[in-house]
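J.: Task: produce atomic coordinates for the following.
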Amino acid sequence: NEYKSYLRVHYMSSQKYKKIYDLQAGVRSSDRVLSSFDDDDDGITLLRDDPKDPAGCTKIRFCGITLSVILIFASGYIARVLMENFLFPEPQHQITNIAEIIAGSKIREYHVELTRRTHLAGSAANYHLAEYLRETFTALQFDDVTIRNYTIRLPLPDPDNPNSVRLLDGGEEGRVLHVCAEREEPLTEFEKNNPTTPLFNGWSKPGTVKRPYVYVNAGSNSDFKFLIDNGVSVKGKIVLLRYGSMFRGNQAENARRHGAIAVVFFKDLDNPEAEVRYPESEWAPDGAGARGSVKVPNGDQDTLGWPARPSSYKNKTSLYVDIITQPITGKDARVLLQKLPSNSTFPMPASWVPKLLDDSEFGVSSSIPDGPLLEVTVNSKETVINASNVIGTIYGSTEPDRWIILGNHRDAWTYGGIDPSSGTAAMMEVGRALSHFMDLGWRPRRTIKLCSWDAEEWGLMGSLEWVEDYRLELRDKAVLYVNTDVAEGGACTAVAASGSPLFKKPILDVIKRDAVNKDLPEDSDIFKSVEISGSGSDYFGFYSYAGSSVVDLECISSFNVYHTAYDTQLFFDVIDPGYSHLASLTTTLARMVTSVSEPALLPLDVTDFSSAISSWWNDLKPKLIQVCKKKGMDVGMVGLVEKEITRLSTAAQEFQKNLDDKTKKGIKDLKDLEIRAFNDKMLRFERAFLVDGPVLGGSFYSRNILMSPSPSDIYAASGFPSLRHIISNPGLSKETILLEFEKIKLALTSAIKTISDH
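T.: Below is the predicted model of the structure:
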């Protein structure tokens, strides 16, 4: 019996702008906030009590109508005032000499805190770090800091039933010849006092198998073909393979398709000649083993297409891949390899010989009478966790509805010294530098968000759920997603980038200025092009599912302790004692963010993108013609796609010439909305390549018909992925091929329209 009235107040970061709206809405000091604005909202709802007079609703309605009439007549005047005085104000302070603010000592301070203990997704230690980032961003006086939770199921290790790999005698007694280590041996006091997670693979099928085993090198399709050609079958057997040449999930899937029932991964030595190893050098010992996910499709499979909020419907799917997998240390792998009967039926390729061994005196299969057997046991415990994303926001002064997002994941398989905490510490230092300039009166032109993603190691879970949550807004508001993950994995030789060809110009500009790159020759390949990204980190969902432009920045270096128990802060002190290289990369990250947050006109060139498209097409065209001829298809369809690519190149050149002509003397003669229109056209150019469903051969989230992960190795990326899938899969029907050509033509035509005036 209590009547309420509701007022809607639109939020902008400018306090003057907010006050105008407050006056129009008639907000009272007694009004209570019913729902605060979130990232996906443009206002707050206020609750006003009016318990005594039900007729008050009529009064409120009358007042509302009167106010609406007044606002209609005043809207032109208000709009002009806002445009002239509030929407496009001159910045009070410019960012200068950001390199002088970035401090290696401060990055190390963050890094030490981030790596104190193992912080697997879902663990209390990992949530503690979420709170640490929230508190840090709050102390830096960000405008808004939130933790966004998503509930997902993970098959975590069962501490009461550990995984195991045992080598058995093939005789009737089945004597145990060797038991592989459950985890690596601690080599420092830190590791002894802070035990890490056991060796395991995320999403492995649980169970126990006991079979002969076969060494399959890296487990590529060509490796399996070599074995088949030489009369060696893996059907019904366990395969032993070395990880590193491609994503382990693709390796496991290759083994499953060839009939194997289990996979045992091992980490090979990176530098067998090295006399000194961790903790005294960057080279991992032979006792290291690498954990990791083996699931090929990324994201939460229980909520494909919608975010896994705590209250969301969950369509429970199988948690596991359809093969048992387990990693072991290199030291244990040496024992298993040496127990394989010597091979004399065919020559062992030199490339197959692991660096763990001194020679090639070993075989590939234990399938002989009384040959040794492997017993592999995997146990897991289904656990529902909160994937907690931390989002810190600095609202833009002029274009708060345009976002530049800097992100990295927080969870780690072990201590996360390199992966991911080198990147997280760098991101936090960027936040501190931005806060410093805010104290001097600066505010970015566009909104900047710093994001710490959770559960990346399990398949980009946290970032993909957030992208699903904000997909429509990202397609409208995102300018650029900047990613950093393994920021520095070893002795840094250069700083490089991958990402969207649309942002080639600002990307190359910032990496040329990086202090680590100052001694590189001007014609270095690093300064010539930008490779597109696959799905090895959190940028995937942004470009592949939301259509946002992305860039990933990192030091070029070896990463010899990848996903091992030796990925510690102590290791980082070995590779970069003063954090100088990481400070240099941090400066580049900050410059990348501000290079697109500050200028009124975005420093982009659409011809960079159209040139990349033409290059990809020229590489594929002869192969596509061959496919059409073999299937008896009219090759004219290839010509029609090429015609659209030519039209696209022409449209891009005309657009860029028009923009260059209008900005020869700067942008002072351009109207603000004209600048905004140019920016929006350039950003929508890339989004035109999003399609409604997954691209041919891709996963659910692969919606970018121009750039998507390679089906054979999802860490890698390829231009026109569906056309490459057609080339490598001759069994596809004519109808499937023709439909894909039509989709590509339509996407190219849409891209042309986004940058055309007619």
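J.: Every contact and neighbour count from this point should use C-alpha atoms.
T.: Will do.
J.: any low-confidence regions in this structure?
T.: For the chain, applying pLDDT under 70 flags the ranges 1-93, 344, 360-361, 712, 758.
J.: Any idea which residue is closest to the centre of it?
T.: For the chain, the residue nearest the mean C-alpha position is residue 538 (1.5 Å; CA atoms, centre = their mean).
J.: any idea how far that residue is from residue 304?
T.: For residue 538, the distance to residue 304 equals 17 Å [CA to CA, to the nearest Å].
J.: and if you look at residue 610?
T.: Here residue 610 is placed at a distance of 32 Å from residue 304 (CA to CA).
J.: what residues does stretch 495-503 touch?
T.: Contacts to stretch 495-503, defined as CA atoms under 8 Å, 6 or more residues apart in numbering, come from residues 507, 511, 514, 516-517, 526, 530-533, 549-556, 585, 603-609, 612, 686.
J.: Next, the buried residues of it.
T.: Within stretch 495-503, the residues scored as buried using 16 or more other CA atoms under 10 Å are 495-503.
J.: same check, this time on stretch 660-674
T.: residue 672.
J.: quick one: it to chain centroid distance?
T.: 35 Å (CA atoms, centre = their mean, to the nearest Å).
J.: same question, stretch 543-553
T.: Distance, stretch centre to chain centre, for stretch 543-553: 8 Å (CA atoms, centre = their mean).
J.: Okay, now it: how far is its last residue from its first?
T.: Start-to-end, stretch 543-553 (CA to CA) is 15 Å.
J.: Return the set of buried residues in stretch 124-135.
T.: Using 16+ other CA under 10 Å as the test for burial, stretch 124-135 gives 125-127, 129-134.
J.: Tabulate the residues you listed (JSON lines), appending secondary structure.
T.: Converted to JSON lines, the buried residues of stretch 124-135 look like this (DSSP: H, G, I helix; E, B strand; the rest coil):
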{"residue": "125", "secondary structure": "helix"}
{"residue": "126", "secondary structure": "helix"}
{"residue": "127", "secondary structure": "helix"}
{"residue": "129", "secondary structure": "helix"}
{"residue": "130", "secondary structure": "helix"}
{"residue": "131", "secondary structure": "helix"}
{"residue": "132", "secondary structure": "helix"}
{"residue": "133", "secondary structure": "helix"}
{"residue": "134", "secondary structure": "helix"}
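J.: residue contacts, residue 408?
T.: So residue 408 contacts 420, 423-424, 427, 451-453, 483-485, 538 (CA under 8 Å, 6+ apart).
J.: just to confirm, which helix or strand has it in it?
T.: Taking DSSP states H and E as the criterion, residue 408 maps to strand 399-409.
J.: How far does the next helix or strand after that strand sit from its chain's centre?
T.: Next in sequence after strand 399-409, counting helices and strands by DSSP H and E, comes helix 421-439. What separates the centre of helix 421-439 from the centre of its chain is 20 Å, taken as CA atoms, centre = their mean.
J.: who does helix 421-439 touch, helix- and strand-wise?
T.: Helix 421-439 is packed against helix 104-114, strand 399-409, strand 446-453, helix 580-597, with contacts defined by 3 or more CA pairs under 8 Å, 6 or more residues apart in numbering; DSSP states H and E.
J.: Do a quick rundown of the strands in the stretch 51-200 of the chain.
T.: Taking DSSP state E, counting those that start in this stretch as the test, the strands found in the stretch 51-200 of the chain are 144-157, 164-168, 176-179.
J.: angle of the first one against strand 446-453?
T.: Here strand 144-157 runs at an angle of 20 degrees relative to strand 446-453 (axes from the mean of the first three to the mean of the last three CA atoms, to 10 degrees).
J.: Tell me the helices and strands packed up against strand 144-157.
T.: Partner elements for strand 144-157 (3+ CA pairs under 8 Å, 6+ apart): helix 124-139, strand 380-394.
J.: Can you tell me what sits against the longest one?
T.: Contacting residues not belonging to helix 124-139 are listed as 114, 117-120, 144-147, 388-392, 410-411, 428, 431, 452 [CA under 8 Å, 6+ apart].
J.: just the buried members of those residues?
T.: 114, 117-120, 144-147, 388-392, 410-411, 428, 431, 452.
J.: quick one, strands of the stretch 551-700 of the chain?
T.: Going by DSSP E, counting those that start in this stretch, the stretch 551-700 of the chain shows no strands.
J.: mind putting the helices and strands packed on strand 144-157 in CSV, distance to residue 167 included?
T.: Formatted as CSV, the helices and strands packed on strand 144-157 follow (distance: least, CA to CA, whole Å):
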stretch, distance to residue 167
helix 124-139, 35
strand 380-394, 22
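J.: right, and these - which one's nearest residue 568?
T.: helix 124-139 (15.3 Å; CA to CA).
J.: Just want the angle from that closest one to strand 380-394.
T.: Going by the same axes, to 10 degrees, helix 124-139 makes 10 degrees with strand 380-394.
J.: Begin at 19 from now on, thanks
T.: In the new count, where the first residue is 19, that last one comes out as helix 142-157.
J.: Helix 122-132 and helix 142-157, what's the angle between them?
T.: 140 degrees.
J.: Tell me what angle helix 142-157 forms with helix 439-457.
T.: 20 degrees.
J.: export helix 142-157 as CSV, just CAs?
T.: Output of helix 142-157 as CSV, limited to C-alpha atoms (Å, rounded to 0.1, in the frame of the first residue of the first chain):
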residue,chain,number,x,y,z
ALA,A,142,40.7,-18.7,-2.1
ALA,A,143,44.2,-17.4,-3.0
ASN,A,144,42.9,-16.3,-6.4
TYR,A,145,39.9,-14.5,-5.0
HIS,A,146,42.3,-12.8,-2.5
LEU,A,147,44.1,-11.4,-5.5
ALA,A,148,40.9,-10.2,-7.0
GLU,A,149,40.3,-8.3,-3.8
TYR,A,150,43.9,-7.0,-3.9
LEU,A,151,43.3,-5.6,-7.4
ARG,A,152,40.0,-4.1,-6.4
GLU,A,153,41.6,-2.4,-3.4
THR,A,154,44.5,-1.1,-5.5
PHE,A,155,42.2,0.4,-8.2
THR,A,156,40.0,1.9,-5.5
ALA,A,157,43.1,3.5,-3.8
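J.: Who has more neighbours out of residue 628 and residue 322?
T.: Taking neighbours as other CA atoms under 10 Å, residue 628 and residue 322 compare with residue 628 leading, 23 against 16.
J.: Compute the number of surrounding residues for the nearest residue to that one once chain neighbours are set aside.
T.: Nearest non-adjacent residue to residue 628, counting by CA to CA, 6 or more residues apart in numbering: residue 667, 5.4 Å away. Other residues lying near residue 667 total 21 when counted by other CA under 10 Å.
J.: My understanding was that residue 667 contacts residue 627; is that so?
T.: No. With contact defined as CA atoms under 8 Å, residue 667 does not count as touching residue 627 (9.0 Å).
J.: separation between residue 245 and residue 214?
T.: Taken as CA to CA, the span from residue 245 to residue 214 is 37 Å.
J.: for residue 691, that is, sorry about that
T.: Separation of residue 691 from residue 214 (CA to CA): 55 Å.
J.: Return the distance of stretch 339-351 from the chain's centre.
T.: 25 Å.
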